[in-house]
Structure formats: C-alpha cells, structure tokens
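Trainee: sharing a model that was predicted from the sequence below.
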There are 2 protein chains.
Amino acid sequence: MLKLAILGFLHDQPLHGYELRRHLAALTGHVRPISDGTLYPAIRRLESDGLLLRRTEPGSTAAPRHTLHLTDAGRAALDARLRTPEDLDISDENRWFTVLAFLRQLADPALQAAVLRRRLAFLSEPASFFYDGPRPVGAEELDDPFRRGILLIARATTQAELAWLRSTLASLEAPTAAGRPDGSS
Amino acid sequence: MLKLAILGFLHDQPLHGYELRRHLAALTGHVRPISDGTLYPAIRRLESDGLLLRRTEPGSTAAPRHTLHLTDAGRAALDARLRTPEDLDISDENRWFTVLAFLRQLADPALQAAVLRRRLAFLSEPASFFYDGPRPVGAEELDDPFRRGILLIARATTQAELAWLRSTLASLEAPTAAGRPDGSS
DNA sequence: GGAGCATACCTCGATACCGAGGTATATCGG
DNA sequence: CCGATATACCTCGGTATCGAGGTATGCTCC
C-alpha cells in the first residue's frame, strides 16, 4: 500500500522524505494519515530491497536531505505491482484508489484496461452486507436506518464507479490505436 | 475495528466463533476478509480483558463449541466505543461502516445524531486528493483519466452520503420526542 | 539573541493482522 | 468402512503500522 504509493510518487520525480510525506498526506491523509514512524522504515525497506537510492544533499533550508530516486528495479517493481494488483488492491477502496492514482504509469492501455476490468468484475458480483441465512437483505427490508444507510451509500458508490469504469474502458479500448495523436474524448 | 464488530454482533445475540466468523465475512469480508488467525486471538484478547465470557458446550454437530457472551463490561465498552468513536472510525470508510452497522445499539437518538454529525463535519471539509502546491486540483483540470475517476467517484459517494446523513439526522432529531404518537415523515 | 516554528530525519516498543500450518469431530456418499 | 467435506478451534512466525518520543538545523520576529 504505502510501498505502492512511494514508488508511484517517485516514478514522477525524485523527492526527499519530507516532500513524499506531504504528497502522501494529500493522497490518503484525509482518510487515513500515515505517520513518520511508518514512512521512514518503509523507505528503509525499499532501499535495502534495492528499489530506490538515496543521495544525501546539503539541506537547502534545514537538515541534510536524502533525495530518493527510483532504481530500474524500483520501476520494474512498480510496473509489476500495477500490472497484477493483489485481490485486496481491487476490493478495498483505499487500496484501489492508490492503484488508480498511479495506473497511468502502466505504459500499455490494454494493461490498464485489464486492471479496470478486474475492478468491474468485483463490483458486478452481487454482494450485500447483511444476510438472513444465505439470502441477502435489501435496504428496503431493513428497519435499522443506519444499516439501511450503509446499503444506500454503497449502492450509490457502486453505480457511480460502474458508470465511470464503463466509459473509461470504452475510451481506452477504442480511440488511440495507431494513427490518432490525441485520445481525449 | 475487529473488536468493535465482535462486540456489536455479540450484543445482538450470543454466538460461537464459527458463527461470528460468518457474520464478519458478510459484513466486511467482501471488501477485506478476516482470517482465522486474526479472529481467534482477538476473541482471546477480549476475553482476557473481561469483555466477554465463553461457555463450552458439547458440539451440536462437530467439535465442542465456545459460545461467547458479552459481559456487562463488554456492553459498556461497546457503548463507549459507539458514543465516542476515534477519528479514524469517522474518516475511514471501512471503519465508519462498521460503526454504522452497530450504531442502533446506542440507546439515545441524540447520541446517535451526534456521531452522524461528526461524519457530516468530516465530509463537509473541503478535501482533494491532488494538490498543486496548496491549491486543490479539480477533476476537470486533470488529464489523467484515472485520477479524474478518483475525484468523480469520491464526489458521487460524498454527495450520496451527505444526502442520507441530512435526512437521517432530520428524522432522528424531529419526530419521536415525547407527546407525538406518530413521527413518521 | 533567543523564542518559536517549520524543516528534516530517526528510533523503539507495542499491537494488529496475515497466512500457513495443525487438531479434532460429525456427516454423507459410495 | 473409507474418504471427502463441513464444522470448530488453535498456534506461531513474520510484517506493517502506530504513536510517542528524540535530534538537529535554519528562518523569522521581537
């Protein structure tokens, strides 16, 4: 999760830890802030796995900074992670949004479309939160207003995302084949 | 998280571990399955904290079962957790849905409304996922279709939830006060 | 010149969770 | 009566994360 986000941000541009922290705070911090004690060990792990390099530079404003650069192995790891996300990356909204945030870094539109189709399949499965034995209980049957809310909100989210997925898949698959320079709708 | 869900389910009725497992799978398993190795240690923790009791009963079909019952302390812990959820319970959708699933167990509608109002405040804060310096970048400005999707979906979800929150708050606060026999909207 | 703040990085103990394994018992089909 | 399956519970090692703490530098304001 964090690993994916770090690799994704560094793919765009080298950053030092503090900047990375702010990028992460913008992306996921609203919902789930990440702490220093999570970020720096994660950077260490990535470094010792050979996915990134740090170059110590004299601090422009304060303490010396370690500017982080992706290695080739790092780019390969990011690519692999985006190509074949884990099931949890598909089903958990927080993780899925992180995948989406960096999906453009997969070069091939066909690969991007394949990832979107996995999410489409997941959202198309019939699923409820509450069951009466094996039978899913619909929002209309619940007299608990809070549980009804869960179902209503989930339904609205799913509808919005399905619409977006279908239109994005259509434009990924159709337009920019070979001769078209610009595929924007 | 898990703790909250276990306490919430046991508040409704005593269950043994295996049944609890199935209830949890229905509630959160679609998005994020919980494993045996998470559930049973969690039960142990709750037991050693005095929040639940297990009574061993001869297995009706198979191995002997430990039927789990909430203690008074367990009910109190659930009540406290629902009354004053942590910030993460408010901001993280997965956790928030778990709170919602058991919120009816808070006896006082005013307390339920106070929790909903915290979520309302959270959703009302202006927030984006991507920033150009301090300025939030809107969906329309992004040429990355995937990041645009994140913003569109988040926006749709927020709108749906805000609508539900407002109508639920209205019906929690207005109708069934004291002298009115009929409070239906 | 020193207080306060933002920048920048790090450590360490505690906890929650995962996943892969293991041990039983009861039921049902062949 | 043997194997497969469902029920029911448990352990243990490894990992990610949190949270609270610490260190140091440079800028700004009074």
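Mentor: Structure's in. What do you need? A quick note: this is a predicted structure, and the numbers were derived from the prediction, not measured. Numbers count the residues shown, from 1 in each chain, chains lettered A, B, ... in the order given.

Trainee: would you map out the domains in chain A?
Mentor: A:2-78, A:107-185 (automatic domain parsing).

Trainee: ok now the shortest one, how far from the chain's centre?
Mentor: Spelled out, that is domain A:2-78. Averaging C-alpha positions (CA atoms, centre = their mean, to the nearest Å) puts domain A:2-78 16 Å from its chain's average.

Trainee: what about that domain, near chain B?
Mentor: Yes - counting by CB under 8 Å from any CB of the partner chain, chain B is contacted by domain A:2-78 at A:Ala26, A:Leu27, A:His30, A:Val31, A:Arg32. All C-beta spots, glycine's among them, are computed from the backbone N, C-alpha and C.

Trainee: which among the residues you listed gets closest to DNA strand D?
Mentor: A:Arg32 (5.7 Å; CB to the nearest atom of the strand).

Trainee: need the three-state assignment for the closest one.
Mentor: coil (DSSP: H, G, I helix; E, B strand; the rest coil).

Trainee: my guess is it contacts B:Ser91. True?
Mentor: Yes - assessed by CB atoms under 8 Å, A:Arg32 is found in contact with B:Ser91 at 6.9 Å.

Trainee: neighbour count winner among these two?
Mentor: Neighbours were counted for A:Arg32 and for B:Ser91 using other CB atoms under 10 Å in any protein chain shown; B:Ser91 has more, 21 against 14.

Trainee: what's the distance between the more buried one and B:Arg118?
Mentor: Distance, B:Ser91 to B:Arg118, by CB to CB, to the nearest Å: 10 Å.

Trainee: cool, and A:Leu151?
Mentor: 21 Å.

Trainee: any quick ChimeraX command for the buried ones out of the residues of domain A:2-78 next to chain B?
Mentor: Selection of buried members from the residues of domain A:2-78 next to chain B for ChimeraX, criterion 16 or more other CB atoms under 10 Å in any protein chain shown:
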select /A:26,27,31
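
Trainee: and A:Pro181, what's its pLDDT?
Mentor: A:Pro181 carries a pLDDT value of 47.

Trainee: run a quick neighbour tally on A:Ala156.
Mentor: With other CB under 10 Å as criterion, A:Ala156 counts 18.

Trainee: just checking, it touches B:Ala156?
Mentor: Yes - contact status for A:Ala156 versus B:Ala156: in contact at 6.5 Å, counting by CB under 8 Å.

Trainee: show me what the longest helix seen in chain A is packed up against.
Mentor: Identified as the longest helix of chain A according to DSSP state H is helix A:145-173. Applying 3 or more CB pairs under 8 Å, 6 or more residues apart in numbering or on different chains; DSSP states H and E, one finds that helix A:145-173 contacts helix A:109-124, helix B:93-102, helix B:145-173.

Trainee: worst mean pLDDT among the domains of chain A?
Mentor: domain A:107-185 (a mean of 84).

Trainee: are that one and DNA strand D in contact anywhere?
Mentor: No - using CB under 7 Å from any atom of the strand, domain A:107-185 stays clear of DNA strand D, coming no nearer than 10.7 Å.

Trainee: nice, that's everything, thank you.
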